[in-house]
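Q: generate a structure from the sequence data that follows.
(5 chains, ligands or ions: 4)
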Amino acid sequence: MIEASELTKVYKTKKKRVIGVDNVSFKVGKGEIFGIVGYSGAGKSSLLRCINLLERPTSGTIRVDGLDLTKLGTRELRQARLKIGMIFQHFYLINQKTVFGNIAFALKAAGVRADLIPARVEELLELVGLSNKRNAYPAQLSGGQKQRVGIARALANKPSVLLCDEATSALDPTTTKSILALLKKLNEELGLTIVLITHEMAVVKEICHKMAIMQDGKMIEQGDVYDVFAAPKAPLTQEFIGDVVSFHIPEHTLSQFSGTIAKVIFKGSVAQQGIISDTLQQFSVKGNFLHGAIEYIGGRPLGIFIMELKGEPTAIQEAIAYIKQRSAEVEVIRDGLRAFS
Amino acid sequence: MIEASELTKVYKTKKKRVIGVDNVSFKVGKGEIFGIVGYSGAGKSSLLRCINLLERPTSGTIRVDGLDLTKLGTRELRQARLKIGMIFQHFYLINQKTVFGNIAFALKAAGVRADLIPARVEELLELVGLSNKRNAYPAQLSGGQKQRVGIARALANKPSVLLCDEATSALDPTTTKSILALLKKLNEELGLTIVLITHEMAVVKEICHKMAIMQDGKMIEQGDVYDVFAAPKAPLTQEFIGDVVSFHIPEHTLSQFSGTIAKVIFKGSVAQQGIISDTLQQFSVKGNFLHGAIEYIGGRPLGIFIMELKGEPTAIQEAIAYIKQRSAEVEVIRDGLRAFS
Amino acid sequence: MDFVHLVEMLPDMWNAFVETLLMISISTAVAIIVGFPLGVILFATDRGLFWENQLVQSGLGFIVNIVRSIPFIILLVALYPFTKALVGTTTGPIAASVSLSVAAIPFFARIVESSMREVDKGLIEAAIASGATPWMIIKDVLFLEARASMVQGLTLTIISLIAYSAMAGVIGGGGVGDLAIRYGHYRYDHTIMIATVVILIILVQVFQFIGDLTAKATDKRK
Amino acid sequence: MDFVHLVEMLPDMWNAFVETLLMISISTAVAIIVGFPLGVILFATDRGLFWENQLVQSGLGFIVNIVRSIPFIILLVALYPFTKALVGTTTGPIAASVSLSVAAIPFFARIVESSMREVDKGLIEAAIASGATPWMIIKDVLFLEARASMVQGLTLTIISLIAYSAMAGVIGGGGVGDLAIRYGHYRYDHTIMIATVVILIILVQVFQFIGDLTAKATDKRK
Amino acid sequence: ACGSGSESGNAGDSKEIRFGATAGPYSDMITKAIIPGLEEKGYTVTVNEYQDYIIPNRELAEGKDDANLFQHQVYLDDFAENNDLELSSLISVPTAPMGIYSEVYGSLDEIEDGAEIAIPNDPTNGARAFLMLEEEGLISFEDGIDPLTVSVKDITENEKNLQFVELEAAQLPREVGEKPLTAVPGNFALSAGLDLNSAIKLENMPDQYRNVVAVRSEDADGELANDIKEVVESAEFEEVIDKEFAGFGKPSWMEE
Ligand SMILES: Nc1ncnc2c1ncn2[C@@H]1O[C@H](COP(=O)(O)OP(=O)(O)OP(=O)(O)O)[C@@H](O)[C@H]1O
Ligand SMILES: Nc1ncnc2c1ncn2[C@@H]1O[C@H](COP(=O)(O)OP(=O)(O)OP(=O)(O)O)[C@@H](O)[C@H]1O
Ligand SMILES: [Mg+2]
Ligand SMILES: [Mg+2]
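A: Ligands and ions are numbered 1, 2, ... in the order given. Next comes the predicted model:
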C-alpha cells in the first residue's frame, strides 16, 4: 500500500543543513498498522509529511497504492490525497469555522453532495464523542477536544490510508483507548492502512502490526511488532520496549531483594501453563514476583515476568533449567547476593 | 503554598455559558507535587490557568504563598508570577526568537543581569538536552523540542511553584522520564511545588504526592496518590487508576484461564515476602501469574498481582485465607470455571 | 459660524454627501471585486505556496506598484480615455469612481496579500492534506482566517478612499471633500469648511466603527 | 520624447527627487516614532489586554480617525499655525513634511494596531505568565511577532506617502509628484510627465522590494 | 434628448445649459450676474465648479458643458491650440487684477536684495506674476518668450535677486504677512477677504489677460452664445458687478 524507498529530507536553513529524514525505506501492506517511534526530533513527523508529499522529499520515491506520488501532477496529487487522511500533531483547525464546519470542509474537499454532509458530520462527531460541541469554535475547545476534531476530519472521507502524528498524545487514557479501538475497528472492518507516530509504546503494542524505530533521521530497526517486542536489537529499541515489556526494575527495588533475579519470558502459547508453580512446588526454592504481565501483542500472548528466586544455588540452577526445559526463556538479571543465600 | 477555595470559572459565549471550573477547592503544601487528571474537557487547563490568574476566576479565591492573587495590583501580580513558572500545552514560544532568545526572555522578565543570562540559558539548555538547538527558531523544531524549550523557560527563574499543562505529553518516554526525574530533583532539592496536569497515570504514579481527578469542572476525588491508587473511590478514578495499577484483564485473556482469578494486593512492606511461593508450596494449588507489579508510589511499594489459582475449591479457599492472614488483601475476580476445576 | 449661510448650503452639502457615498460605494465594491482576487493571486503565487509562480508574482506585483506610484491627478488624466470608454463620461461622481477604483484596487490587493500572509501555514497544509482544491483553500481557509484582518484593511481602504475622493473634485466628482476644498481652501469659507470636515469626521468614524465591529464579530479566535 | 529638454530638466528632476526623499524620510520617521507607540496603545488598551482602558482606547481611536478624516489639503491649511510654530516656515519641503507626518501617523498607527491583533494571544499569555512587564511584552513579543506584518504595513505607508507628497506642491513642497503634476498636467510637457512618473515607479518599486525583502528576512516562521 | 412630453417648441431641452467655472469669484459671477439674465431668457443653468484649469476646457469641448468662465484669452487660445480643441471666446468680463502684497515694503522700490516672493505655481497665474515683475523692471526675459509658459528658468536678469517660492494660487493669500512679498491672483485675494487696494502693486491688465466666456467654436454664433453676450452686455450685469464685484477691472468694451 505504501512503499517508501530511500527517502531523504534535508532542511536548509541559513546557517546549516539539518537532515530530517535520512535514507529511509519501508513498506506498509494494505490493512496494516505501522507504528513509528523515536525520540523527539528523530524525524518522525518529517517522514510522515513526506508520505503525502506535504514535504517534498529531497530524494527518494514514495508510492501509495501503486502511484508514485512524486511523479503526479497537482490535480492527481489532490485526488490521491483525498484517500490519505492525516491527523496533525498541532491540530491545525480552521479557527473561524465551528467543529461542524471543520469536518464539513474535508467532505466538501472530496466533493460530497451538500445535502449528505450534515448526516455524515453527525456520524463522525458521534464517533469521536463531540456531538455536544458541534457549534463550538476551536478557541472554545480543550486540547483533547481539538485533537478529536482533527481525527474526525481525517476520517471524514473514509480514506484508505491514515497518517497519524501523535494523534492521541493529547488525550486522556480513556479517550485514547476509545480512539485506538476506533482505529482498530476501521482497520479491521474496512482494511484501513494506518501509519502512526507515537511516543507511547503502549499504543504500538495495542494496535500496531509492524513498527519502526527512528533515530537521527534513520530507521534503525523495523519489523513485526511481536518480534521487535520479543527480541529488540538496537539499544534504543530496547530502551523503548523496556518501557512496556521488559520491566526495567529500579535499583531501589532490586536492593530490597536478596535472591537471584530472573526474567522469564513465555512466548506464543498461553502463558505459563503452571510452569512457575510447578517449579516452586518441585524444587526447594521460594519465589517472589516483582513485575510481570502477559501482553497481547497483535493478539498473540507474550508473558514476561521478573521474579526473585531464593534458596540453595544448586536448587535455583535446577529450577531455572527446569523452566527453560518447559519451553520458556530465562535470563538471570542478577545472581543471589551471597550474604543472604 | 497554593490554596484554592471555591474557584469557579464560567465561560460566556454568545449562545451559552460553559462552566470550565465548578466550585473547586484544594490545597497544595510547599514542596508537594500535585497531579490533576481527568478527561479531555474536564477543566484541568482552565483550573491551572486560574492559579496564576491568566484566567480570572468568576468567583473564589486563590492564594499562592499566602498572597491572595485575586486581590493584587498588576505590579504585585507580576512579581508573584515571577515565582510561578508555567509550561503550556501548546508551547507558545516566540516564533521570532531563537531557542536561546525564548529562554533569555523569561530571565529578562525577572530582571536578571544581562551578563549573567547566557550562562544561565546554557545551563537550562543542558538541562533539557537542547544545547545543539540553541540558535534554532521554533519553526525549525520538532514538537517535543518545542515543549522542552517551554520547560526550560518555565524553570528559568527558579520558580517556587511550577504549573505544568501536559508538559510531557508530546515527549517520547525517555525524554519524559528525564524531564520527570528533573522535576523530581528540583522538587526534592529546592522544594519546588508543582501542579501538574497529565493524562498519563504513569506520570502521576512516578512523581506526584497528591492527586485530584476532575470531571465536568468538578474535583470529584483528591488525596494522597498512594491512597487514591490503593483505594480509588469514584468510578472515574478507578477507571484512570486501572490503567496503571489494577490491571483490568481483558475478557480475551480471562477466557484462556479456567481457574479462580484473584487479585492480591500487598501494601506498604516490601512485596510478597515469599507469601505466594509459601502458599503454593503449602497448599495443593497451582498458580499462574497473569499480571502484576510492585509499583513504588511516592517511594512506598504497592504490589498488585493477578493470578490464577487452580485446584480443589477447598484448597483454593484455604490458600486465599492463608494469603489474607499473611497481611495481604485478596479479591476474587472470578471463581474457577466448574468444568475445569 | 454663519448659520444662515450654513442652512443655505445644506442642499449642496446633502448632494455632496450623496456623491461621496456613491463614489465610495462604487470604488469600494470594485476594490473588493478586483482587489481581492488580485491579492489572493499575489499571495498564492509566492514561493512555497499552492500556485507558486515567480513570473506571475513579480509581474503582477510590478503592475500593482506602478498604479500605486502614479499621483492621483496624473492617474485621473491618464485614465481619461478608459473612463470615457467605460462610463461614457469623464466628469461627475461616476467618472471619478473609475479613477478611485483603479487607485483602490492595488491598495486593497496589498492588504489582502499581507493579511493572508498572517494565516498559519499549518492550516493551509492541513487543507492541502485534505485534498482541498485551491479554490476551497482560498474560500474556506484563507478568506475565513484572514477575514478579521481584511475587514480592518478594508476600513483602512475606505477611509483612504474618502481622503482620495476629495481630489475627485478635479474632474467634478463632487463629494464632501471637494466641497471642503472648494469652500475651505479656494473660497476661505470657514463655515462650510468646518461643516464639511465635521461630516467627513462623522463618516470616517462610522466606517471605522462598523469596521471594528465587523472585524470583532467575525473573529472566532478568543 | 524630447531628449534635449529632458537633459535640460535633469537638475530640476534631481532637486525634486531629493525633495521627495526628504519629505518621505522625515514623515516616515515621524510616522514610526509617533505612530508605533500610538498603535501599541490602541492595541494594548483594548478589551482583555494588559492595558485595558476603554476610555483611552476610544479617545485615541477618535482622534486618530479625525485626523484621517480631514482631506490632505484642508489638513495642510489647518496645520498652518502649527507648522509655522514648529519649523518657522509654512512653505517648502520641510513644512510639507509636517502635514505629511501628521497624515502618516494615524495611518501607520492603525497598521501597527492591526498587525498586533494578528499575534497569537497565547504568546502574550505566556509572556504574562513569565511575569514580563508590558514593556517587555511589547518589545520582545508583540514587536517581534508583528514585525513582518508591520514592515509590510510600513511599505504601504511609505508608498501612500509618496502619493500624498504629490499634493505637497500646494505649499511649495516640491517633489517628483508635484513636478509631474505641474509639468505633465498643467504644461502638457509629456517628456517630463513620463520621466517623473518613471522615477516615481522606480521609487515605489524600490521601496516595495526593500519592504518585501525585509519582511521575509525578519520572519522566522516557515 | 427627444422629450416626448415636452411642451416647449424647437428649443426644447437645449434650454437647460451647464456653465463651467473654477471655484471662486467667477462661479459667483455666473451665479449672481449672468444666470438671472439667462433665466429671464428661459434657460435653466447649472454651474459646474472645478478645482483645476485643464478639465473645464476639456469638458466644454466634449459637450459636457455649454460654456465656461475662468480663463483669459491668451490661455484659451494656447490651450485650444495645444490640445486641438475648437474653442472660442465670446466676450471678456470684469476681472480681478493680480496684486503684489506686502507687509514689509510700502512699494516695489523698497524691495531689498534677495527678498522672497511667493508666486502661483500654475503656469497661467505664474506667468502673470512674472509679466508684472518684468513690467516693473525687476526681472527680464529673453526676447520672443511665450508669455504663457514663462517660468523661473526663463529669467535672464534678476536685478534684486528675488527668491521665488512657487505655491498653489489658492494658498497665496495665507502667505501674505508670512512672506515679504506675495503675488496673489485677484479672485483668491477677494475670496480671502484681502482688500485689493491694499496691494503695493496691482496688475495693469491688458484685455487679453481678462477672463472670457468661452464656448465651442461651432456654437460661437448660436442662439445661446448670442444670449450670453446680450446678458453680459446688459446694464443689469454691470449693476451687479459694481455692487458685488468691486475692484474688478472692467474690460475696455465696458468702459466705453
Ligand atoms: N522546517 C525545518 N527547518 C529546519 N529544521 C527542521 C525543520 N523541520 C524539522 N526540522 C528538524 O528536523 C528534525 C526532525 O524533526 P521532526 O519534526 O521530524 O521530529 P519528530 O521526530 O517529529 O519529533 P517530535 O516527536 O518531537 O515531534 C529535528 O531536528 C528538527 O529540528
Ligand atoms: N475560551 C473558552 N470559551 C468557551 N469555552 C471554553 C473556553 N475555554 C475552555 N472552554 C471549555 O471549558 C471546558 C474545560 O476546558 P479545559 O481546556 O480546561 O479542558 P482540559 O481539562 O484542559 O482538557 P484537555 O485535557 O483536552 O486539555 C471545555 O468544555 C471547553 O470546551
Ligand atoms: Mg513530530
Ligand atoms: Mg487542557
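
Q: which residue sits closest to the closest residue to chain C within chain E in space, ignoring its chain neighbours?
A: At 3.8 Å from chain C, E:Ala23 is the closest residue in chain E, using Cβ to the nearest Cβ. From N, CA and C alone the C-beta is placed, and that goes for glycine too. In this structure, E:Ala23 finds its nearest non-sequential neighbour in C:Arg182, 3.8 Å apart by Cβ to Cβ, 6 or more residues apart in numbering or on different chains.

Q: from the stretch 151-256 of chain E, which residue is nearest to ligand 3?
A: Shortest the stretch 151-256 of chain E-to-ligand 3 distance, computed as Cβ to the ion: residue-wise this is E:Glu168, at 64.2 Å.

Q: do a quick rundown of the strands in the chain.
A: Answering for chain A, as no chain was given. Counting by DSSP state E, one finds strands in chain A at the ranges A:2-12, A:17-28, A:33-38, A:59-64, A:67-68, A:84-87, A:161-165, A:193-197, A:210-215, A:218-224, A:260-267, A:286-297, A:300-310, A:329-334.

Q: wait, chain E
A: Along chain E, the segments classed as strands by DSSP E run E:16-22, E:44-50, E:67-72, E:87-92, E:99-101, E:116-120, E:139-141, E:155-158, E:163-167, E:181-184, E:201-202, E:211-216.

Q: so which of these is nearest ligand 2?
A: Counting by Cβ to the nearest ligand atom, ligand 2 lies closest to strand E:44-50 out of these; the figure is 56.5 Å.

Q: tell me if that closest one is near chain D.
A: No - Strand E:44-50 does not reach chain D (Cβ under 8 Å from any Cβ of the partner chain); its nearest approach is 13.0 Å.

Q: tell me the helices and strands packed up against that strand.
A: When contacts are defined as 3 or more Cβ pairs under 8 Å, 6 or more residues apart in numbering or on different chains; DSSP states H and E, strand E:44-50 packs onto strand E:16-22, helix E:35-40, helix E:55-62.

Q: JSON lines for the strands of chain E, including mean neighbour count and mean pLDDT?
A: Formatted as JSON lines, the strands of chain E follow (neighbours: other Cβ atoms under 10 Å in any protein chain shown; pLDDT from 0 to 100):
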{"stretch": "strand E:16-22", "mean neighbour count": "21", "mean pLDDT": "90"}
{"stretch": "strand E:44-50", "mean neighbour count": "19", "mean pLDDT": "88"}
{"stretch": "strand E:67-72", "mean neighbour count": "25", "mean pLDDT": "91"}
{"stretch": "strand E:87-92", "mean neighbour count": "20", "mean pLDDT": "91"}
{"stretch": "strand E:99-101", "mean neighbour count": "25", "mean pLDDT": "93"}
{"stretch": "strand E:116-120", "mean neighbour count": "24", "mean pLDDT": "91"}
{"stretch": "strand E:139-141", "mean neighbour count": "18", "mean pLDDT": "89"}
{"stretch": "strand E:155-158", "mean neighbour count": "13", "mean pLDDT": "88"}
{"stretch": "strand E:163-167", "mean neighbour count": "20", "mean pLDDT": "88"}
{"stretch": "strand E:181-184", "mean neighbour count": "29", "mean pLDDT": "94"}
{"stretch": "strand E:201-202", "mean neighbour count": "20", "mean pLDDT": "90"}
{"stretch": "strand E:211-216", "mean neighbour count": "25", "mean pLDDT": "92"}
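
Q: nearest to ligand 1, of those?
A: Nearest to ligand 1, of all the strands of chain E, is strand E:163-167, at 57.0 Å by Cβ to the nearest ligand atom.

Q: report the contact partners of the residue of the stretch 201-341 of chain A found nearest chain D.
A: Residue nearest to chain D within the stretch 201-341 of chain A: A:Gly217 (19.4 Å; Cβ to the nearest Cβ). A:Gly217 is in contact with A:Lys9, A:Ile19, A:Gly20, A:Val21, A:Asp22, A:Val24, A:Ala42, A:Gly43, A:Ser46, counting by Cβ atoms under 8 Å, 6 or more residues apart in numbering or on different chains.
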